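Novice: The following comprises the amino acid sequence and a computationally predicted model.
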Amino acid sequence: MCGRFALTDRPEGVEALLGVAEVEAFPPRYNIAPTQPILMTVGGAPRPEGSNLPDRRALLVRWGFIPSWAKNPKDMPLLINARSETAAEKATFRAAMRHRRALVPASGFYEWRRSGKGRTQAYWVRPRSGGPIAFAGLMETYAEPGGSEIDTGAILTTAASRDLADIHHRMPAVIRPEHFSRWLDCVRSEPRDVADLLAPVEEGFFEAVPVSDRVNKVANTGPEVQERVEPEVVEEEVAERAEQLRLF
């Protein structure tokens, strides 16, 4: 899954990655949490003749998907992720998969490895070659009973690459820049036509950096949440396994 991520790259780098213009300036965000605003890019209106930019627009949405048919969002679970393998079949995400596919720029994401004793070790998972990158996302505009509208979104997940599977079995689906246009084209491409883009990235694409539990608290928003620490939980488990093997 993806429960926290970061976007610390400069706005001009995000603009260049996504092929959009005039992304509003934003400060580095080291600990983006559910229900907070996140940046998404969707297919937009055609550009003026002569423009060399793709037909895309960037917008801020609430991280927490609300389907258009929901009567009372408070009665629904917080939908921050959608499984890429089944999203096109689920009533909650079916329309968005067909009509409102999106890109979510990110510098990386956080994941937690649970130990046998119920403890966890947090990891900052970042592209080995640097960022930013784009996660596959879904966007939906929800009309509230009072008449106001709110844009909402979710991040699509896929199976973890083999080198990250021991941390968690799921990870965000990454869309490569050469496939942005196909992913965002909801006119000519149906969900089955872009299903191949949601495969796990190859081993080595990401590196996992052990970090402290400071990232667990939403209030901790500085770069210190990404500082490397010694993975105590992992080391203890390795020692325990070694001792068990010695006894046998």
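Specialist: Yep, that arrived.
Novice: Residue 230 reaches residue 210, doesn't it?
Specialist: Yes - when contacts are counted by CB atoms under 8 Å, residue 230 is listed as touching residue 210 (7.0 Å). C-beta: built from backbone N, CA, C; applies to glycine.
Novice: who has more neighbours, these two?
Specialist: Using other CB atoms under 10 Å as the criterion, residue 230 and residue 210 rank with residue 210 on top: 19 against 10.
Novice: For residue 9, see how far away that one is.
Specialist: As judged by CB to CB, to the nearest Å, residue 210 and residue 9 stand 22 Å apart.
Novice: try residue 230
Specialist: In terms of CB to CB, residue 230 sits 28 Å off from residue 9.
Novice: in the protein, which spans are helices?
Specialist: 11-18, 94-99, 180-184, 191-194, 232-247 (DSSP state H).
Novice: The first one packs against which elements?
Specialist: Read that as helix 11-18. strand 101-106, strand 133-143 (3 or more CB pairs under 8 Å, 6 or more residues apart in numbering; DSSP states H and E).
Novice: angle of the shortest one against helix 11-18?
Specialist: What it means is strand 101-106. 140 degrees (axes from the mean of the first three to the mean of the last three CA atoms, to 10 degrees).
Novice: packing partners for strand 101-106?
Specialist: strand 4-7, helix 11-18, strand 37-43, strand 133-143, strand 149-159, helix 180-184.
Novice: Now with 7 Å, please.
Specialist: For strand 101-106, the elements it packs on are strand 4-7, helix 11-18, strand 37-43, strand 133-143, helix 180-184, judged by 3 or more CB pairs under 7 Å, 6 or more residues apart in numbering; DSSP states H and E.
Novice: what do you get for the longest one?
Specialist: Counting contacts by 3+ CB pairs under 7 Å, 6+ apart, the secondary-structure elements packed against strand 133-143 are strand 37-43, helix 94-99, strand 101-106, strand 149-159.
Novice: now those in CSV, with distance to residue 198, mean pLDDT and mean neighbour count?
Specialist: Shown next, in CSV, are the helices and strands packed on strand 133-143 (distance: least, CB to CB, whole Å; pLDDT from 0 to 100; neighbours: other CB atoms under 10 Å):
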stretch, distance to residue 198, mean pLDDT, mean neighbour count
strand 37-43, 17, 96, 23
helix 94-99, 10, 97, 18
strand 101-106, 10, 98, 28
strand 149-159, 5, 97, 21
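Novice: Among those, which comes closest to residue 181?
Specialist: strand 37-43 (8.7 Å; CB to CB).
Novice: Would you mind getting the angle between the closest one and strand 133-143?
Specialist: Using the same axes, to 10 degrees: strand 37-43 against strand 133-143 is 90 degrees.
Novice: Can you convert the helices and strands packed on strand 133-143 into TSV and add a column each for distance to residue 224?
Specialist: What follows is those, written out as TSV (distance: least, CB to CB, whole Å):
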stretch	distance to residue 224
strand 37-43	22
helix 94-99	36
strand 101-106	19
strand 149-159	24
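Novice: do you know which of the ones you listed lies nearest residue 184?
Specialist: By CB to CB (comparing all of the helices and strands packed on strand 133-143), the closest turns out to be strand 37-43, at 4.3 Å.
Novice: Tell me how many other residues surround residue 25.
Specialist: Neighbour tally, residue 25, other CB under 10 Å: 7.
Novice: ok so, going back, of all the helices and strands packed on strand 101-106, which one is nearest residue 192?
Specialist: helix 180-184 (12.5 Å).
Novice: Next, the buried residues of the closest one.
Specialist: 180, 183-184 (16 or more other CB atoms under 10 Å).
Novice: and what of stretch 63-72?
Specialist: 63-67, 70.
Novice: Appreciated, that's everything.
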